[in-house]
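S.K.: 3D model of this:
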Amino acid sequence: MSPTRAVLCGYYGMGNAGDEALLVSLLQMLPSSVTPIVLSGNPRATKKQYGVASCDRKSAFAVLNALNQSQVFIWGGGSLMQDSTSIASPIYYAGLMSLAQQRGLTTIAWAQGIGPLNKSGTRWLTKQVLLGCNAISVRDTASAELLQSWQIESIVAPDPVWAMESKTLPELDDISKPKVAVVLRSHPLLSKNRLQTLTKAIKDFQAQTDSHILLIPFQPTQDRAIAKSISTALGHHNSILSINDPKELKGLFQQVKMAIGMRLHSLILAAAEGCNCFALSYDPKVSRLMSEVNLPGYELANLPDDPSLISQAWIELFHAPTKLSAVQIQSLVDRASIHQQLLRKAIPNC
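M.R.: Okay, the predicted model is just below:
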C-alpha cells in the first residue's frame, strides 16, 4: 500500500516560534503511516530542521503539485482564519482549503483558534470552507461556540503545544540567579509609553527579586528590537535568547521560575513546564487562555500607568506557589491528545 501523503498548511517557516511549535506538535501527533509535505516560507530550513518534504508556500506551482500528489490537507493549528491584521490571511488559507476540497482531498481543520472575524466577508468565507471539512478540532471554547452557532460540528481540546515534547537547555545552568523569562512582541497596543512603563516595572522587579531576566524574541524580526531596548535599560543580569528548536524552547522553561508573556505560546510553553506565568494580553486568544487556565495578567489596553503597581503584581507571583498543579498540567496534556485522536480517525487507512 502506498503511503498517505498530507499537505500541512500553517504559518510555518516564517520565523515565529509559536507556529513552529504547532508544526512540531502536529508532526509528533501525525500517524506514522502519513508522509507530510509542509508548506513553508523557508522550505529548505523546514526540510533540514524537521526532516520532512517541504515546498514554498507562495509558489502556486509548488503548492498545486503538492496538492496533486496528496490525499489529505491539514490546516495545522493556530489562528489562521482571522482578519484583525488584514484580509490576506483568511483569503490565502481559505483558498488553499477550497482547492483541496475541490480536488477531493480529505480536509482537516486542526487545533484552530477561529477569529477575530470582524468583516462579514471573511466570516462567510470561513464558514463555507469549514462546512466542507471532513473533521475539525479547535483549541478554545469560544471557537467551538462560534462554529456551533454556524451548525458546524467540532471537537474542542487544549492547544496541542501543551503536549509537545521538550528538551533541556544545559547552557542555562551557568546562571545562578533565579531566571525570569520576558516575551514581548511588536504590536500597536504596545505603544512607546506602555513599553517604557513595562521596562521600568521590569527593572524594579529585577532589583527586588535579584533575578536574571531572559529576553526571548519569539519572532526575531518583530521582537528583537524590543528585547534589545529592555536589555539596554537593565544594563546587567539579562540575556537575549533566540532558540530555533521549539522543543528546546519549551525545555528552557524547566529552569525558569516565572514568565511574563504577550505571545500565546510563550505562556503555554512556560505553563506546561510548571512555570508561573503572567499574561499581557493583546489578543482575544491570550485572554481566552487567561480565563480557561486562570492565569493572572493584564489586558494590555488597560495596563496600569504606574510601573510600581505592575512590578508588585509580578513580585507577588514570583514568591507564590505554582499556580497550575502537576495534576492540572497533566490533564491539559492528556486532553490535548484529543487532537491526535482526531487525526487517526479522519485520515484514511490510519
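S.K.: What strand or helix carries the residue nearest to W110 when sequence neighbours are not counted?
M.R.: In space, and not counting its chain neighbours, W110 is closest to I74: 5.2 Å by C-beta to C-beta, 6 or more residues apart in numbering. No exception for glycine: its C-beta is placed from N, CA and C like everyone else's. According to DSSP states H and E, I74 maps onto strand 72-78.
S.K.: what's that strand packed up against?
M.R.: strand 4-9, helix 17-29, helix 88-102, strand 106-112 (3 or more C-beta pairs under 8 Å, 6 or more residues apart in numbering; DSSP states H and E).
S.K.: hey, C-alpha coordinates of it in PDB?
M.R.: What follows is strand 72-78, C-alpha atoms only, in PDB (Å, rounded to 0.1, in the frame of the first residue of the first chain):
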ATOM      1  CA  VAL A  72      -5.000  14.800   2.800                       C
ATOM      2  CA  PHE A  73      -4.900  18.600   3.500                       C
ATOM      3  CA  ILE A  74      -4.500  19.900   7.100                       C
ATOM      4  CA  TRP A  75      -4.700  23.400   8.400                       C
ATOM      5  CA  GLY A  76      -2.100  22.800  11.000                       C
ATOM      6  CA  GLY A  77      -3.000  24.800  14.100                       C
ATOM      7  CA  GLY A  78      -3.200  28.400  15.200                       C
END
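S.K.: Sheet-wise, list the partners of it with their directions.
M.R.: Here strand 72-78 is paired, per DSSP bridges, with strand 4-9 (parallel), strand 106-112 (parallel).
S.K.: Mind checking those for the one nearest to F205?
M.R.: For the strands paired with strand 72-78, proximity to F205 was assessed by C-beta to C-beta; strand 106-112 is nearest, at 33.6 Å.
S.K.: What residues sit buried inside the closest one?
M.R.: T106, T107, I108, A109, W110, A111, Q112 (16 or more other C-beta atoms under 10 Å).
S.K.: Please produce JSON lines containing the strands paired with strand 72-78, extended by distance to W314.
M.R.: Shown next, in JSON lines, are the strands paired with strand 72-78 (distance: least, C-beta to C-beta, whole Å):
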{"stretch": "strand 4-9", "distance to W314": "38"}
{"stretch": "strand 106-112", "distance to W314": "30"}
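S.K.: For Q312, find the nearest of these.
M.R.: So among the strands paired with strand 72-78, strand 106-112 is nearest, using C-beta to C-beta, at 36.3 Å.
S.K.: relative to helix 17-29, how tilted is the closest one?
M.R.: Relative orientation of strand 106-112 versus helix 17-29 (axes from the mean of the first three to the mean of the last three C-alpha atoms, to 10 degrees): 130 degrees.
S.K.: Not counting strand 106-112 itself, show me its contacts.
M.R.: 22, 25-26, 71-81, 97, 100-101, 130, 132-139, 143, 154, 157, 159-160, 339, 342-343, 346-348 (C-beta atoms under 8 Å, 6 or more residues apart in numbering).
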